[in-house]
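S.K.: Starting from these lines, generate the structure:
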Amino acid sequence: MPMHRTNLLILRGRAAFRPISTAAQLLLLFGGIRALGADRRNAPLSSTNNCHRSLAHDNAGDADRNMMTSRVAGRDATSAASAMSEDASSRRRRRRASAAFMGAAVGDAAAQTSHWNYDRGSFHDALHEAGRYEDPAFFVRNSFYAVPVGGMSCYGDQMMEVARHIARFDSNSVSGRAGREEDGGGGGSVGLSSDDGLAALVDRFEAAFGPSGPYGPWPIPPDSPKPDLPIPGPWRHGSIKGFLNNLSEGERSVPRCGSDDSQFDAIARIVPVVCAFAGHPLLLRHCETAVRLTQNSDLAVAYARLAARVLEACILGTEDGAVGAIRRALADEGGRTVAVEDDGMRSICRNGHHH
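M.R.: Numbering: from 1, shown residues only. Model (predicted):
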């Protein structure tokens, strides 16, 4: 079975799972990469299972915990795939894609509760005082917005919406398995290439992040008082605001609906795309579509292409670690991404370690 096809089976199950109840920012990409380290001879998601069980412990009974552990283990999502004939390499890659997606979701959840702590010294002091310096995951110190422990940040919410969209369009239908002829067919994503798929993606993001969803009213009347912080509920990111503004002006097609923004959201949205289509020739095209949905920016696309290549290399096993994957990604991009990357990224590759 082709790699991207088994990945879609996994993604379909993952997209139905909303990580137990916390949220947050970073680690989306490298949380996924670190989770790949669990892909040894043992169960690939053992570390993330433990993380989710710990998170759920105070708020769930034994039955709920068993249900959640089962969902995390992906038994419902992978049972069909595991019954099919696959060689060892395909099974290993499938486990890595699953671990990467789960790692990204857990990474978002683990960091959301302490999102945007710009005063590092003060943050470290608070961790020390709480005895959490060596275990900062899920530590509650978010002064910008209040989301229950276990909910998603705006980064994580975007990632999950893209995952659900891919699962809907590319896991069930025969047409989804074929792909558009002009895109080369062979399993290309209908959800990220067809007119119907793109229209549905725009609608999905409008419903999830627009005024009728949990992110609250938009636009905010200009004479509204500045809210007290932290605000109750999730924080709507700038790229999402620009996207919604463009929709209100009648721009509902990708990429015209995208804002002029090049922030981290671009990398968050390509994680499920890479997990579903690692090794597919249309991967980077699908990633660009996911980026330009809300960020019609060449710089955002360049960042996302590099991140996609790094994560893809880890999933496919062409590189053993993040540093090697970064080197490969920069080489594959032929220097194009390097021109817009910062010196830190090039330093990582030159010195052979992460700063």
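S.K.: If you average pLDDT per helix and strand, which one of this protein comes out bottom?
M.R.: In the chain, the helix or strand scored least confidently by mean pLDDT, DSSP states H and E is helix 46-56, which has a mean of 31.
S.K.: Could you pull out the helices in the stretch 201-350 of the chain for me?
M.R.: Using DSSP state H, counting those that start in this stretch, the helices of the stretch 201-350 of the chain run over residues 238-248, 265-277, 283-292, 298-316, 322-332, 343-351.
S.K.: okay, these, which one's buried deepest?
M.R.: Highest mean neighbour count among these (mean count of other CB atoms under 10 Å): helix 265-277, with a mean of 30. In short, each C-beta sits where N, CA and C put it, glycine included.
S.K.: elements contacting it?
M.R.: Under the contact criterion of 3 or more CB pairs under 8 Å, 6 or more residues apart in numbering; DSSP states H and E, helix 265-277 touches helix 3-15, helix 28-35, helix 88-112, helix 154-170, helix 283-292, helix 298-316.
S.K.: how big is the angle separating that helix from helix 154-170?
M.R.: Relative orientation of helix 265-277 and helix 154-170, computed by axes from the mean of the first three to the mean of the last three CA atoms, to 10 degrees: 30 degrees.
S.K.: what's the angle between helix 265-277 and helix 238-248?
M.R.: Interaxial angle, helix 265-277 versus helix 238-248 (the same axes, to 10 degrees): 90 degrees.
S.K.: show me where pLDDT drops low in this structure?
M.R.: Regions of the chain meeting the criterion pLDDT under 70 cover residues 1-87, 172-187, 335-355.
S.K.: same thing but 50
M.R.: Residue ranges of the chain with pLDDT under 50: 1-3, 5-28, 30, 37-85, 172-185, 337-355.
S.K.: Generate CSV for the helices of the stretch 201-350 of the chain, with distance to Gly121 as supplementary columns.
M.R.: Formatted as CSV, these follow (distance: least, CB to CB, whole Å):
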stretch, distance to Gly121
helix 238-248, 27
helix 265-277, 27
helix 283-292, 34
helix 298-316, 29
helix 322-332, 27
helix 343-351, 21
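S.K.: between those helices, which one is nearest to Asp125?
M.R.: Closest approach to Asp125 among these (CB to CB): helix 343-351, 26.0 Å.
S.K.: Can you show me the strands along the stretch 101-250 of the chain?
M.R.: Taking DSSP state E, counting those that start in this stretch, the strands of the stretch 101-250 of the chain run over residues 145-146, 231-232.
S.K.: Of those strands, which stretch is the most buried?
M.R.: Highest mean neighbour count among the strands of the stretch 101-250 of the chain (mean count of other CB under 10 Å): strand 145-146, a mean of 18.
S.K.: what does it contact?
M.R.: His115, Leu229, Pro230, Ile231, Pro232, Gly233, Pro234, Trp235 (CB atoms under 8 Å, 6 or more residues apart in numbering).
S.K.: With adjacent residues omitted, what lies nearest to the fourth one?
M.R.: Pointing back at Ile231 there. In this structure, Ile231 finds its nearest non-sequential neighbour in Tyr145, 5.0 Å apart by CB to CB, 6 or more residues apart in numbering.
S.K.: ok, that neighbour to Pro234 distance?
M.R.: Distance, Tyr145 to Pro234, by CB to CB, to the nearest Å: 6 Å.
S.K.: For Ser171, find the nearest of the helices of the stretch 201-350 of the chain.
M.R.: helix 265-277 (9.0 Å).
S.K.: how about the closest one as PDB, C-alpha atoms only?
M.R.: Extracted in PDB, the C-alpha atoms of helix 265-277 (Å, rounded to 0.1, in the frame of the first residue of the first chain):
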ATOM      1  CA  ASP A 265       1.000  29.500  11.700                       C
ATOM      2  CA  ALA A 266       2.400  28.400   8.300                       C
ATOM      3  CA  ILE A 267       4.400  25.600   9.900                       C
ATOM      4  CA  ALA A 268       1.600  24.500  12.200                       C
ATOM      5  CA  ARG A 269      -0.800  23.900   9.300                       C
ATOM      6  CA  ILE A 270       1.700  21.800   7.200                       C
ATOM      7  CA  VAL A 271       2.300  19.200   9.900                       C
ATOM      8  CA  PRO A 272      -0.800  17.100   9.000                       C
ATOM      9  CA  VAL A 273      -0.100  17.600   5.300                       C
ATOM     10  CA  VAL A 274       3.400  16.100   5.700                       C
ATOM     11  CA  CYS A 275       2.100  13.300   7.900                       C
ATOM     12  CA  ALA A 276      -0.500  12.300   5.300                       C
ATOM     13  CA  PHE A 277       1.600  12.800   2.100                       C
END
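S.K.: can you tell which of the helices of the stretch 201-350 of the chain is closest to Ser189?
M.R.: Nearest to Ser189, of all these, is helix 283-292, at 5.1 Å by CB to CB.
S.K.: I'm done for today, thanks for sticking with me.
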